[in-house]
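Undergrad: Only the shape, not the letters, is given here:
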Ligand code: HEM
């Protein structure tokens, strides 16, 4: 591998190689600080395909979104799962799934993802609606009249965390809400702030109390506890059943798998919900259009909104909320920084387009970094501006976006691509729609004066939706009409 660093050993068709990055794990985090700036700078210098030696790996970045389809298509030579099975187990604390120990488990886990989609979406969406309404009623709809103020991130994340938890894992043995949700969320946030270090494979014993916190989080999901919960989603029920079929999985391993799903289901959803809400509240005109759209969809089905009663938005109704969906997509465009990673399974020639291929070696990582596409002024005019209707055209979802005069197949990729695409994406969009709808229907909302748009905290660059670097103060009161 050292050979590649020496010019005479390079193969002629290999992409330009950027060195000077000592193969040391800490450098990966430095990269994370300004991945977008770093990649744009190198694109200007080396063109749209180049290799960076980073954290002891060779990563080839494909910077031109017109080339994405050919990368996403080459699933046979470019595998995703080898990467997850190395990284996820050390991050969440369960034994690797691939290999001979847990025969068939990998495929079973993959199949369980279907329970988040298709026909299964309807019961999930219905359950989420009830849980959101429950948390809203008990925590926020109890007092009429006066303005109340709070942190917007805190507000969005406390409601979404609990309602999502109830929907996915179910209700406690007694009562309708789990005790200790705030503590659980606080521990979750502590773990989440260490997440980039764990993913970068920094040993957990170097990360202060992270291991103890993770153990505590995992212990929440021990089988003897979970078996007492009711209304558990089919998704989690199926996973519990299949874990029982594997004698070699210890109870803490099963719990760690369930904990990983907690991260997957709220780690990105909470910041995504914040950004969608923030941008709408920061643009009263946009908020007005979206609120009216929700009222109209209800009215079309003969429902006059009445704040004293619970609102029900079905999956079909949510599907009709085009401006809300566009607002959510627009905020995902502005806040997502996930990296799509594939590992080369053999030495081969990676076909980029009709007349271009590059040489790739076994073990090389091929990476797409869609943030650079999301912020490309040629594709999205004034890319830093939130335009709530950017994804609407003639009353329907807009899907044509162009680069170099060619229509892009992939123009919005917060959920990844191809074989590694997020199985929870439909549920995620629905639950954000439900949350924002309730907020707009029940409350008047304002940002407190004198606050700038929060910057993106880039410590999670490459891993998903970025958090705001600080919370935003806002006011809300029950709408009187
Ligand atoms: C995987 C994004 C919400 C479950 C992923 C990946 C992305 C992503 C980018 C792929 C990771 C990669 O390619 O390395 C998001 C975003 C969300 C969201 C932006 C919210 C806005 C959810 C929800 C659930 C979920 C609500 C479950 C209820 C999963 C699971 C995987 C995954 C299980 C792993 C899939 C696999 O191993 O093949 N998500 N996600 N996600 N997501 Fe999501």
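TA: That came through, no problem. On a predicted model such as this, the values are computed, not experimentally measured, just so you know.
Undergrad: Around the ligand, pick out the residues from this structure.
TA: Residues of the chain lying near the ligand by C-beta under 6 Å from any ligand atom: 84, 113, 116, 168, 264-265, 268-269, 272, 338, 340, 414-416, 420, 422-424, 427-428, 464-465. (C-beta placed from N, C-alpha, C; glycine too.)
Undergrad: can you give me the strands for the stretch 201-350 of the chain?
TA: Listed from the start of the chain, the stretch 201-350 of the chain has strands (DSSP state E, counting those that start in this stretch) covering 340-344, 348-353.
Undergrad: So what touches the last one?
TA: Yep, that's strand 348-353 we're talking about. Taking contacts as C-beta atoms under 8 Å, 6 or more residues apart in numbering, the residues outside strand 348-353 that touch it are 13, 49, 60, 62, 66-67, 70-71, 74, 77-78, 344, 357-360, 366.
Undergrad: just checking, which of the residues of the chain next to the ligand belong to helices?
TA: Residues from those lying in helices, with DSSP state H as the criterion: 84, 168, 264, 265, 269, 272, 427, 428.
Undergrad: Which residues are in contact with the third one?
TA: Looking back up the chat, that one is residue 264. The neighbourhood of residue 264, defined by C-beta under 8 Å, 6+ apart, consists of residue 424.
Undergrad: Which SSE is immediately downstream of the lowest-mean-pLDDT helix or strand in the chain?
TA: Within the chain, no helix or strand scores below helix 25-33, which has a mean of 57 by mean pLDDT, DSSP states H and E. Downstream of helix 25-33, the first helix or strand assigned by DSSP states H and E is helix 35-46.
Undergrad: For residue 362, give its distance to residue 51.
TA: Relative to residue 51, residue 362 is positioned 14 Å away (C-beta to C-beta, to the nearest Å).
Undergrad: sorry, back to before: and the furthest pair within the ones in helices among the residues of the chain next to the ligand?
TA: With C-beta to C-beta as the measure, no two of those lie farther apart than 84 and 272, at 20.9 Å.
Undergrad: which residues touch residue 115?
TA: With contact set as C-beta under 8 Å, 6+ apart, residue 115 has these partners: 233, 234, 235, 238.
Undergrad: show me where the stretch 351-481 of the chain has helices.
TA: Taking DSSP state H, counting those that start in this stretch as the test, the helices found in the stretch 351-481 of the chain are 371-374, 425-442.
Undergrad: tell me the average confidence for the shortest one?
TA: The average pLDDT within helix 371-374 is 94.
Undergrad: ok now it, how far from the chain's centre?
TA: 15 Å (C-alpha atoms, centre = their mean, to the nearest Å).
Undergrad: Where does this structure get nearest to the ligand, residue-wise?
TA: With C-beta to the nearest ligand atom as the measure, the residue in the chain that lies nearest the ligand is residue 424; the distance is 2.2 Å.
Undergrad: Leaving out sequence neighbours, find the closest residue to that residue.
TA: Once its chain neighbours are removed from consideration, residue 424 has its nearest residue in residue 116; the separation is 5.1 Å (C-beta to C-beta, 6 or more residues apart in numbering).
Undergrad: could you list every residue that touches the one you found?
TA: Neighbouring residues of residue 116 by C-beta under 8 Å, 6+ apart: 124, 235, 423, 424, 426, 427.
Undergrad: Then residue 77?
TA: 344, 345, 346, 348, 350.
Undergrad: mind giving me TSV with those residues and columns for neighbour count and pLDDT?
TA: Rendered in TSV, the data for the contacts of residue 77 read as follows (neighbours: other C-beta atoms under 10 Å; pLDDT from 0 to 100):
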residue	neighbour count	pLDDT
344	21	88
345	14	88
346	10	88
348	18	86
350	24	88
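Undergrad: TSV for the residues you listed, including distance to residue 442?
TA: Supplementary listing: the contacts of residue 77 in TSV, determined by distance: C-beta to C-beta, whole Å:
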residue	distance to residue 442
344	52
345	52
346	56
348	56
350	52
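Undergrad: Let me know the closest of those to residue 331.
TA: residue 350 (33.2 Å).
Undergrad: hang on, the earlier thing: which of residue 84 and residue 272 has more neighbours?
TA: When residue 84 and residue 272 are compared for neighbours, residue 272 comes out ahead with 25 against 16, by other C-beta atoms under 10 Å.
Undergrad: Any figure for the gap between that one and residue 431?
TA: Residue 272 sits 10 Å away from residue 431, going by C-beta to C-beta.
Undergrad: same thing with residue 474?
TA: Residue 474 sits 20 Å away from residue 431, going by C-beta to C-beta.
Undergrad: who's more crowded, these two?
TA: Neighbours per residue (other C-beta under 10 Å) separate residue 474 from residue 431, with residue 431 holding more: 26 against 23.
Undergrad: So the more buried one is in contact with residue 160, correct?
TA: Yes - taking contact to mean C-beta atoms under 8 Å, the distance of 7.2 Å between residue 431 and residue 160 places them in contact.
Undergrad: Find the residues that touch each one of those two.
TA: Listed as contacting both residue 431 and residue 160 by C-beta under 8 Å, 6+ apart are 269, 273.
Undergrad: ok, back up a step: mind picking the lowest-pLDDT entry from the ones in helices among the residues of the chain next to the ligand?
TA: Looking across these, the weakest pLDDT belongs to residue 84, with 82.
Undergrad: Could you say which one of the strands of the stretch 201-350 of the chain comes nearest to residue 325?
TA: Each of these has some distance to residue 325 by C-beta to C-beta; the shortest is strand 340-344, at 22.6 Å.
Undergrad: So which residues make contact with the closest one?
TA: The contact list for strand 340-344 (C-beta under 8 Å, 6+ apart) reads 71, 77-80, 82-83, 350, 360-370, 413, 416-418, 420.
Undergrad: No more questions from me, cheers.
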